[in-house]
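Participant: my questions are about this predicted structure, shown below with the sequence.
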Amino acid sequence: MANQGSSAQRGKTASSHRLEKVDACLHSSTQESGAGQEGCRAILFLMDNPELHWIPRGLCRALAQRGYSSGVCQPDAISGNGQPQYQQARDCKYWLVPTTSIAAMEEYQFDHVVLLVPANLEAVLTAYQQIRQLARRNKPDIGVVLVGPRDQHSAWHYFRKLAVGALRYLNTPLLNLGFLPEQITLEHATANLHRNNFLARISGRLLRSGFYTSYPAPKSVQAKG
C-alpha cells in the first residue's frame, strides 16, 4: 500500500531521540512474538473533547483481539519524561496516542492522524479548523471517525460536509475510517459486544489502509544509565 510504504520510509529517517521520548510513555498491553524486529507503529488520535479517550483504549483492545500487541500512550505522558522502556517498545506492535494537542503532531513527526469528531455541526467546524492548522504544517494524512451519529446515513452526512470543505478550500483529502453510533457510546447502556463490533471494524480499516506512523526497532538505541 502506498500509505504504508511512504510511512515506513519516513519512519526510517526519524531521529533516535524522538523514539526515546515515545518509549517513555508506552504501556504494553499484550505480547507478540518477533515485534521487536519490525519496530513500532503509532496511531495519533486528535480530539477536541478529552472524554473521547475511551475510543483509543477500545481500539487497543480490538487490536489485541486480532492478535497484535498494542499499547496506549497516556495523554499526560506525551512529553516523554522518565526512563525509556525499551523492552516494552520491542514487545509492542502498535501504540495509540490520544491527545487534544496539535503540538504533539510536530513533536513526534506523525505523518498520520485520526480525528475523532462528534456528530454535530459545532464539532465539524472545530475539526475543520484543526485540519486547516494541520494543512499549514507538515500536511499529514488525515482520517476521520464520526462519534455519536444516529445511524450510517447521519454519519455520512457529517463526514461529507467536512470532507468537501477540506478538499475544496484546503486541498486536503480525508479518509473515512468509520463511525460509532450514539447507541454504543459510554453514556448509553448498550452491550459491550455491540460496541466492540464497531471498534473492530475501525481497527480493521486502520490496518488495511496502513494508517499509522512507522518507527524503526529500538534495538540499536542504548538506554542511558
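Facilitator: All right, it came through fine.

Participant: ok, and the helix or strand in the protein with the lowest average confidence?
Facilitator: The helix or strand of the chain with the poorest confidence is helix 16-24; it has a mean of 43 (mean pLDDT, DSSP states H and E).

Participant: just checking, residue 98 is part of a strand?
Facilitator: Yes - the assignment for residue 98 by DSSP: H, G, I helix; E, B strand; the rest coil puts it in a strand.

Participant: that one contacts residue 53, doesn't it?
Facilitator: Yes - shown here, residue 98 and residue 53 form a contact pair, counting by CB atoms under 8 Å, at 4.9 Å. C-beta: built from backbone N, CA, C; applies to glycine.

Participant: which one's more surrounded, the two?
Facilitator: Taking other CB atoms under 10 Å, residue 98 and residue 53 do not tie; residue 98 has more neighbours (26 against 18).

Participant: by contact count, what packs against the longest helix anywhere in the chain?
Facilitator: When the chain is parsed with DSSP state H, its longest helix is helix 152-170. Judged by 3 or more CB pairs under 8 Å, 6 or more residues apart in numbering; DSSP states H and E, helix 152-170 is in contact with helix 121-136, strand 141-147, strand 174-180.

Participant: what residues of it count as buried?
Facilitator: 154-155, 157-159, 162-163, 165-166, 170 (16 or more other CB atoms under 10 Å).

Participant: so what's residue 154 up against?
Facilitator: Contact analysis of residue 154 by CB atoms under 8 Å, 6 or more residues apart in numbering lists residue 119.
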